[in-house]
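Enquirer: one predicted model, sequence on top.
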Amino acid sequence: MIAIGGSAGSLAVLAELLEQLPISIDCTMMIIVHRLRNVPSDLDRLLSLKAPIIEPEDKQPVLRRRIYLAPQNYHLLIEDDGTFSLDYSEPLHYSRPSIDVSFTSVAAAYGPRAAGILLSGASKDGAAGIQQIIAAGGAGIVQDPATALFDTMPQAALDRCPAAQPMNITEMIHFLTELKMSAEHDS
Amino acid sequence: MIKEISNEELGKLVRLIHRQYGYDFSDYARSSLKRRFQRFMDHASMEEITELSDRLLQDVTFFEHMAQFITVNVTEMFLDPLFYKTLREQVLPRLATYPTIKIWHAGCATGEEVFSMAILLEEAGLLERSRIYATDLNTVSLRKAEKARIPLKCMKDYAQNYLLSGGVEDFSNYYTTDNEHAVIQEALRRNILFFQHNLVTDQVFNEFQLICCRNVFLYFNRLLQDRVLRLFYDSLDPLGYLALGLKESMMFSEENIRFDSISPVHKIFRRKS
Ligand SMILES: C[S@@+](CC[C@H](N)C(=O)[O-])C[C@H]1O[C@@H](n2cnc3c(N)ncnc32)[C@H](O)[C@@H]1O
């Protein structure tokens, strides 16, 4: 499971990541980005130019080789039985979906078979989540703050967990391409 | 760093609460329930789960405080405005054909959804012959709902939602203000009844033309969702309507064959007669 979180300034990076990844990538991807509420968003269409993007509903099974996008106004969690759970509780860091909530859930459900990637953003959401993913044996990657449009989010993650690895986009793509070949990260 | 609650610890906690206080959370969705307990422990500055269980064994007030916290009571008026627009355009004209219209809001929290419905009915000229039953598990929320006091700072967003739902009146006519609150007009509330009903343990209590149960279902596991769907089926008129939250689905339940989907996007269903 590859979980990607981003906020302000992350869309272009996300689009580029998806654009450049090999089509055959053999794992599940889950994207959590902060969006304006009650504004119908073109985000899923924007991102789904290359691969179809699914906004999961409550209890929908998590399938491989799919890209999921956390819906607006809900936190996105994963159950032990491999299904999504949506949660309508209060926003965290003024955000719903919150990256921390999803990353923490991914850490619990996937342990070492998870990678978390945190992109540009102007909030501190995601730092605690990256920490959980790393603590559970997964990989924690953070967009190099020097390359991020807004560096608060990646910087907060690096400050909070020194084990997180800063990377630029090229390095991330390389990392993900390698990752897909390693058997222990394949679900 | 917050420590994860294990499935075993969660099971113990749930059994303790059931034994001690009679509330059964065993068929709630695990991931979000765990998160609620974790957040509550954080909020109560507790590090160990044993600390929490010890306290729960001794302190009723503490339990009530916790129950209030873990049953998520987040809500807003005209949440998902296009859902309300669909109700106005497709459902209310059907309801208008009944001499008395009975509506059940299951899991109404502090009532914002119920007041929104009352406004729709009023504008359609149907409020007078409607009876709205609004229920929740959480009695603290119900007491708040009866007072109909809504934080004033939310009203700007709600007015915006109201407009998007197709409302053309002056939204501020529907409430008076006192300091920090908007108080929903009493006339709008004349046919609303708030009372406690637990979807896990309580039974059918009437027959309705419309049931709204939005953003409650997602706290339940599939087993409990199926059970509650059967309860709704039995509580609906033949051809009665059921509305779920925008991201709640019947697709993963075997009960779905007993309902027609009227609006897949806005999650409005209709009981098959
Ligand atoms: C997130 S709120 C939804 C409020 C409103 N329906 C809305 O969509 O804005 C969920 C509500 O479900 C209630 N609830 C949870 N478990 C319940 C149960 N077993 N029976 C009845 N209500 C329950 C909670 O107390 C809470 O008020």
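Expert: Good, I have the coordinates.
Enquirer: would residue A:71 count as being in a strand?
Expert: No: if the criterion is DSSP: H, G, I helix; E, B strand; the rest coil, then residue A:71 is coil and not within a strand.
Enquirer: that one reaches residue A:55, doesn't it?
Expert: Yes: the criterion here is Cβ atoms under 8 Å, and residue A:71 meets it with residue A:55 at 4.6 Å. All C-beta spots, glycine's among them, are computed from the backbone N, C-alpha and C.
Enquirer: give me the common contacts of these two.
Expert: residue B:247 (Cβ atoms under 8 Å, 6 or more residues apart in numbering or on different chains).
Enquirer: so those two - more neighbours on which side?
Expert: residue A:71 (21 against 15; other Cβ atoms under 10 Å in any protein chain shown).
Enquirer: give me the number of residues near residue 59?
Expert: Unless you meant another one, I'm taking chain A. Applying other Cβ under 10 Å, I find that residue A:59 has 25 neighbouring residues.
Enquirer: correction: the question concerned chain B.
Expert: For residue B:59, using other Cβ under 10 Å, the count is 12.
Enquirer: contacting residues for the closest residue to residue B:214 other than its chain neighbours?
Expert: Take residue B:214 and drop its neighbours on the chain: the residue closest to it by Cβ to Cβ, 6 or more residues apart in numbering or on different chains is residue B:245, 4.2 Å away. Contact analysis of residue B:245 by Cβ under 8 Å, 6+ apart lists A:88, B:214, B:215, B:216, B:217, B:218, B:267.
Enquirer: got CSV for those, with distance to residue B:127 and neighbour count too?
Expert: Below are the contacts of residue B:245 laid out as CSV (distance: Cβ to Cβ, whole Å; neighbours: other Cβ atoms under 10 Å in any protein chain shown):
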residue, distance to residue B:127, neighbour count
A:88, 28, 23
B:214, 20, 23
B:215, 24, 26
B:216, 24, 23
B:217, 27, 26
B:218, 30, 25
B:267, 24, 23
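Enquirer: which ones among those residues are found in strands?
Expert: Judged by DSSP state E, those include no members of strands.
Enquirer: ok, back up a step: so how far is residue A:88 from the residue nearest to residue B:214?
Expert: For residue B:245, the distance to residue A:88 equals 7 Å [Cβ to Cβ, to the nearest Å].
Enquirer: what of residue B:49?
Expert: 25 Å.
Enquirer: tell me where chain A has strands.
Expert: Using DSSP E, strands in chain A cover A:2-6, A:29-33, A:53-54, A:67-69, A:75-78, A:84-87, A:115-118, A:139-143, A:165-167.
Enquirer: which one of those has the lowest average pLDDT?
Expert: The weakest mean pLDDT among the strands of chain A belongs to strand A:53-54, with a mean of 88.
Enquirer: do that one and chain B meet?
Expert: No: Strand A:53-54 stays clear of chain B (Cβ under 8 Å from any Cβ of the partner chain), getting no nearer than 12.2 Å.
Enquirer: mind listing the strands for chain B?
Expert: Along chain B, counting by DSSP E, strands occupy B:101-106, B:130-136, B:149-151, B:175-178, B:181-184, B:192-196, B:208-213, B:236-244, B:259-263, B:268-271.
Enquirer: residue A:98 is in contact with residue A:92, isn't it?
Expert: Yes: look at residue A:98 against residue A:92 with Cβ under 8 Å: they come within range, at 3.9 Å.
Enquirer: now for these two: what residues contact both?
Expert: A:75, A:125.
Enquirer: okay, the contacts of residue B:245 in JSON lines with pLDDT and distance to residue B:88 next?
Expert: Shown next, in JSON lines, are these (pLDDT from 0 to 100; distance: Cβ to Cβ, whole Å):
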{"residue": "A:88", "pLDDT": "95", "distance to residue B:88": "23"}
{"residue": "B:214", "pLDDT": "98", "distance to residue B:88": "16"}
{"residue": "B:215", "pLDDT": "97", "distance to residue B:88": "20"}
{"residue": "B:216", "pLDDT": "97", "distance to residue B:88": "23"}
{"residue": "B:217", "pLDDT": "94", "distance to residue B:88": "23"}
{"residue": "B:218", "pLDDT": "95", "distance to residue B:88": "25"}
{"residue": "B:267", "pLDDT": "97", "distance to residue B:88": "16"}
